[in-house]
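Visitor: got a sequence here, can you model it:
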Amino acid sequence: MTPKETVARAMQMKSTERVPVMCQMANGHTIINTGVHPIDYFIDSDLWADCLIRMRELYDFDGILCHKPGRVDGLMDLVERTDYDAETPTLYLHDGARIQCTRDDDAYYKPTEDFVRPALDELDPDDLLGWAPESFRAFQASKATLPVTDPEAFEDHVFATLDRVIELAGDEYSVHGEVRAPFDHFLNLTGMEEGLMAILDNPERTLEIMERTCEWSIALAVAQVRRGAEAIKVSSPFAGSGFLSPDMYEEFILPFESRLAKAVRDEGKPIYTHTCGAIGDRLELLCRAGISGIECLDPPPLGDVDIVEAVKLLKGRIFIKGNVDPVNTLLRGDAEVIRTDVSKVLEAARDMDGFILSSACSVAPPAPPDNLKRMVDICREMTAN
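Guide: Numbering: from 1, shown residues only. As a prediction, this is how the structure comes out:
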């Protein structure tokens with residue numbers, strides 16, 4: 001059974017010859033461990049694809065997550081000058097904005113001093129990014145906020161990274177695409193504080209805008225599946241209890257992620273949700289969304305999920321991708337800590353068809369590679385038939 005077949009069977013909740021392993025890498029972790037320049041990593045689709053393949057090879061993972069399908073075509077046309085040698089390498093854009101490409105983290109957009117987001121009522125649902133400067137729209141595109149509602153309407157360059165990874169590794173390994181959740185798009189339009197206040201002050205308008213952002217998520221997810229992605233991960237980091245109550249989740253998350261899940265499953269592929277932090281009080285709601293699986297299930301102290309209880313609740317309903325502590329085990333742990341934690345997780349899922357071993361959240365930028373290799377070795381040692 002190939003790694004691709006092993007992951008596929010796990011996502012279908014069927015028995016496997018061994019437990020598959022694949023983790024999401026923080027961008028900083030990939031930059032550090034491939035040695036590429038962060039500006040090149042941010043602008044070059046082929047380079048990014050090659051980095052993702054190299055990281056899979058480093059850890060012998062069974063699959064590759066393409067965080068986004070590609071880099072932004074024509075981005076450098078907006079750049080006035082670059083500073084490759086700065087402590088934080090920076091793209092200086094013609095409109096005065098900057099994109100800081102950190103050496104150990106994500107890239108960050110730094111707007112001009114007169115940058116102001118419109119009020120909620122000023123947003124045009126038919127052109128939600130119409131107010132924004134071109135540099136902001138380009139940066140949002142780099143994060144896969146693309147105002148496209150037809151899966152067939154994307155230009156090919158949007159998928160340059162995904163296409164290359166599938167071409168080079170997709171026969172043997174499971175290649176997954178990713179989309180932002182509709183609520184994540186909404187918060188990136190409004191700003192975090194304003195968006196969270198909007199769901200209290202103007203829920204009707206919030207839901208109206210999310211109708212459109214949901215269409216964005218569906219279109220990009222379906223398009224990636226049609227290009228060969230084996231699964232879709234939904235990035236829904238702000239749907240945990242640190243941000244939303246269960247009632248708010250039911251109103252602002254469930255209807256839209258349910259539509260997204262159905263669209264992907266109608267294409268014949270699985271879809272799993274990544275929500276960080278404390279989600280123990282909404283596992284049933286996640287299941288109601290019709291997703292195929294769940295990623296993270298952050299253990300204490302990062303979250304509040306006990307893997308034993310989660311397996312009891314979710315076994316036979318959805319697959320689990322998790323939940324090794326990325327901070328206290330993979331970043332800070334020694335060999336003994338890693339063996340203890342990984343063994344505990346694998347033992348909890350021992351009788352579960354539908355389990356993929358993974359870090360709970362992303363692998364932290366400075367996590368020692370030997371710790372990841374040790375996790376994989378322990379999994380292969382404990383679960384190979």
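
Visitor: contacts, neighbours, all on C-alpha from now
Guide: Will do.

Visitor: what segments of the protein are strands?
Guide: Taking DSSP state E, the strands of the chain run over residues 63-65, 79-83, 90-93, 98-101, 107-110, 174-180, 231-235, 271-274, 293-296, 319-324, 355-359.

Visitor: L283: which of those is closest?
Guide: With CA to CA as the criterion, L283 lies closest to strand 293-296 of the strands of the chain, at 9.1 Å.

Visitor: tell me the strands beside that closest one, with direction?
Guide: Here strand 293-296 is paired, per DSSP bridges, with strand 271-274 (parallel), strand 319-324 (parallel).

Visitor: which one's the longest helix in the chain?
Guide: Looking across the chain with DSSP state H, the single longest helix is helix 203-226.

Visitor: quick revisit: and the strands of the chain as a markdown table, adding distance to R54?
Guide: Written out in a markdown table, the entries for the strands of the chain read as follows (distance: least, CA to CA, whole Å):
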| stretch | distance to R54 |
| --- | --- |
| strand 63-65 | 10 |
| strand 79-83 | 26 |
| strand 90-93 | 25 |
| strand 98-101 | 20 |
| strand 107-110 | 21 |
| strand 174-180 | 14 |
| strand 231-235 | 20 |
| strand 271-274 | 23 |
| strand 293-296 | 23 |
| strand 319-324 | 22 |
| strand 355-359 | 18 |
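
Visitor: closest one to D334 among the ones you listed?
Guide: Comparing the strands of the chain by CA to CA, strand 319-324 comes nearest, at 13.7 Å.

Visitor: contacts for that closest one next, please.
Guide: 10-13, 292-299, 307, 314, 330, 341-342, 345, 353-361 (CA atoms under 8 Å, 6 or more residues apart in numbering).

Visitor: adding mean pLDDT and distance to G303, write the strands of the chain out as TSV.
Guide: Conversion of the strands of the chain to TSV gives the following (pLDDT from 0 to 100; distance: least, CA to CA, whole Å):
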stretch	mean pLDDT	distance to G303
strand 63-65	98	23
strand 79-83	98	39
strand 90-93	98	34
strand 98-101	98	29
strand 107-110	97	26
strand 174-180	98	21
strand 231-235	98	17
strand 271-274	97	13
strand 293-296	94	9
strand 319-324	95	11
strand 355-359	97	13
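
Visitor: D247: which of those is closest?
Guide: Across the strands of the chain, the minimum distance to D247, taken as CA to CA, is reached by strand 271-274, at 18.5 Å.

Visitor: so how far is that closest one off the chain centroid?
Guide: Averaging C-alpha positions (CA atoms, centre = their mean, to the nearest Å) puts strand 271-274 8 Å from its chain's average.

Visitor: ranges for the helices of the stretch 201-350 of the chain?
Guide: In chain order, the stretch 201-350 of the chain shows helices spanning 203-226, 246-252, 254-266, 283-288, 307-314, 335-348, with DSSP state H, counting those that start in this stretch as the criterion.

Visitor: for P237, which non-adjacent residue is closest in space?
Guide: Counting by CA to CA, 6 or more residues apart in numbering, P237 lies nearest to T275, which is 4.5 Å off, once chain neighbours are set aside.

Visitor: burial of the one you found, as a residue count?
Guide: Here the number of neighbours of T275 (other CA atoms under 10 Å) works out to 24.

Visitor: dump the residue contacts of it.
Guide: The contact partners of T275, by CA under 8 Å, 6+ apart, come to S235, S236, P237, F238, A239, G240, E295, C296, L297.

Visitor: ok so, going back, among the strands paired with strand 293-296, which is nearest D126?
Guide: Evaluated with CA to CA, the strands paired with strand 293-296 place strand 271-274 nearest to D126, the distance being 27.1 Å.

Visitor: which residues touch that closest one?
Guide: Residues outside strand 271-274 that contact it (CA under 8 Å, 6+ apart): 231-237, 261, 264-265, 291-296.

Visitor: who's the residue nearest to the spatial centre of the chain bridged to?
Guide: Central residue of the chain (CA atoms, centre = their mean): S235, 4.4 Å from the mean position. Beta bridges link S235 to R180, H274, judged by DSSP bridges.

Visitor: residues in contact with it?
Guide: Applying CA under 8 Å, 6+ apart, one finds that S235 lies in contact with E178, V179, R180, A181, D184, T273, H274, T275.

Visitor: tell me who's in contact with the closest residue to the second one other than its chain neighbours.
Guide: With CA to CA, 6+ apart as the criterion, V179 has its nearest non-adjacent residue at 5.2 Å, and that residue is V234. Residues in contact with V234, defined by CA under 8 Å, 6+ apart, are E178, V179, R180, A181, I271, Y272, T273, H274.

Visitor: please report how far the residue nearest to P237 lies from S359.
Guide: Taking CA to CA, to the nearest Å as the measure, T275 and S359 are separated by 13 Å.

Visitor: which residues are in contact with each of the two?
Guide: Taking CA under 8 Å, 6+ apart as the contact rule, T275 and S359 both touch C296.

Visitor: quick one: end-to-end length of stretch 40-47, please.
Guide: 7 Å.

Visitor: do the same with stretch 179-197
Guide: By CA to CA, the extent of stretch 179-197 from end to end equals 24 Å.

Visitor: residues of that stretch that come out buried?
Guide: For stretch 179-197, the neighbour count (16 or more other CA atoms under 10 Å) marks 179-187, 189-190, 195-196 as buried.

Visitor: quick one: contacts of it?
Guide: 67-68, 117-120, 128-129, 144-145, 209-210, 213-214, 216-217, 220-221, 232-238, 243, 252-253, 256-257.

Visitor: where does the prediction get shaky in the stretch 51-200 of the chain?
Guide: Filtered on pLDDT under 70, the stretch 51-200 of the chain yields no residues whatsoever.

Visitor: just the helices in it please.
Guide: For the stretch 51-200 of the chain, the helices identified by DSSP H, counting those that start in this stretch occupy 134-142, 160-169, 182-190, 192-201, in order along the chain.

Visitor: of all those, which one is nearest F61?
Guide: Closest to F61 of the helices of the stretch 51-200 of the chain, according to CA to CA: helix 160-169, at 11.7 Å.
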